[in-house]
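In: Need a 3D model of the sequence below.
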Amino acid sequence: MKEYNFQLNLFRSILRIRRIEERLAERYVEQEMRCPMHLCVGQEAIAVGVCNALVASDRIFSNHRAHGHYLAKGGNLNAMIAEIYGRATGCCGGRGGSMHLIDLDAGFMGATPIVGGTVPIAVGSAWSASLLNQDYVTAVFFGDGCFEEGVMHESLNFAALHNLPIIFVCENNDFSVYTRLSERQPERPIYKLAEAHGMKAYNGNGNNVEEVYSIAKKAIDDLRKGGGPQFLEFFTYRWREHCGPNFDDELDYRTEEEIEMGKQSCPLLNYEIKLQQQYDGFAEQKEIFEKAICEEIDAAFKFALSSEAPPPEFAYEKIYA
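Out: This is a model prediction of the structure:
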């Protein structure tokens, strides 16, 4: 029963992120969310698997595709939707939009659209924990494109040199906007590059949430015992366009067959099939989840749309230079 409850929690987390993102995509066309938005549909299992291997006091940093990480770490849905609508009740006061989420209470330290931008900041968080002898792990999520940035390698080097308590999580979906990994980088496994920097590195199927959790749990446990920084590369597939709520299949940068294969590896559908085969009554439990999640999303949009826009004087707050 304990294992089943844990599996249900993993499934519900993936389902919740998927339904939230689908609703965002559905309502984006209303033109009231005035910020770019990068959806993680198809990639949810990585955020859920890794964050379930962390504890509440651990910290994470994210990138432009941040919704799944934010929600999986316990970020506030009302505050996230309000932020995307640019309202004062948003988690950044309506200043940042989709790509600048933050929730310090949940250990979500922030996101930025700059490729590789949060990687050195996350290393700084881990460096702080090491210097102050504080007992928390830092995890940072990024895409395969980060390996075309010098700061990625500098960060790996520094983390390995100082044996920092940090987990690097590469979500490899094979594309930088429309360009394949094979057209941008020579043929070699990304995780092997991290290994060459002097740290333990693993790779796995990012669409299998239990595999993600198992690899992440092993790495994080090792890290807590003094095993040094760890690198995780997970292969996944982005369903929708790089930026925006739509599908971009008509652009022909990937074939119909490839897209169909990517969708067949859906982390939500395949986990649902597995749990249905393992447990009687799972279908009924899923319906309970669907109803509760739908009600939660409805309430979050109502909260956001009933919230005030930030006053003009907000523009002068939180300015440091």
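
In: residue ranges for the helices of the stretch 151-300 of the chain, please.
Out: For the stretch 151-300 of the chain, applying DSSP state H, counting those that start in this stretch gives helices covering 190-196, 209-222, 256-264, 267-278, 282-306.

In: JSON lines for the ones you listed, including distance to Asn157 and mean neighbour count?
Out: Glycine gets a C-beta too; all of them are placed from N, C-alpha and C. Shown next, in JSON lines, are those (distance: least, Cβ to Cβ, whole Å; neighbours: other Cβ atoms under 10 Å):
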{"stretch": "helix 190-196", "distance to Asn157": "10", "mean neighbour count": "18"}
{"stretch": "helix 209-222", "distance to Asn157": "19", "mean neighbour count": "19"}
{"stretch": "helix 256-264", "distance to Asn157": "34", "mean neighbour count": "12"}
{"stretch": "helix 267-278", "distance to Asn157": "32", "mean neighbour count": "16"}
{"stretch": "helix 282-306", "distance to Asn157": "41", "mean neighbour count": "14"}
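
In: Among the ones you listed, show the one with the smallest mean pLDDT.
Out: With a mean of 90, helix 256-264 has the lowest mean pLDDT of the helices of the stretch 151-300 of the chain.

In: which other residues reach it?
Out: Helix 256-264 is contacted from outside by 42, 237-239, 249, using Cβ atoms under 8 Å, 6 or more residues apart in numbering.

In: show me what contacts the most centrally placed residue in the chain?
Out: By Cα atoms, centre = their mean, the chain has its centre lying nearest to His69, at 3.1 Å. Residues in contact with His69 (Cβ under 8 Å, 6+ apart) are 47, 51, 60, 62, 108, 111, 141.

In: got a markdown table for those residues, with neighbour count too?
Out: Output for the contacts of His69, formatted as a markdown table (neighbours: other Cβ atoms under 10 Å):
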| residue | neighbour count |
| --- | --- |
| Ala47 | 30 |
| Cys51 | 28 |
| Ile60 | 30 |
| Ser62 | 29 |
| Phe108 | 26 |
| Ala111 | 26 |
| Phe141 | 31 |
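
In: what's the farthest-apart pair in those residues?
Out: The span of the contacts of His69, defined through Cβ to Cβ, is set by Cys51 and Ala111 at 14.1 Å.

In: Quick one: mean pLDDT for stretch 174-188?
Out: pLDDT averaged over stretch 174-188 gives 92.

In: starting at the chain centroid, how far to that stretch?
Out: Between the centre of stretch 174-188 and the centre of its chain there are 20 Å (Cα atoms, centre = their mean, to the nearest Å).
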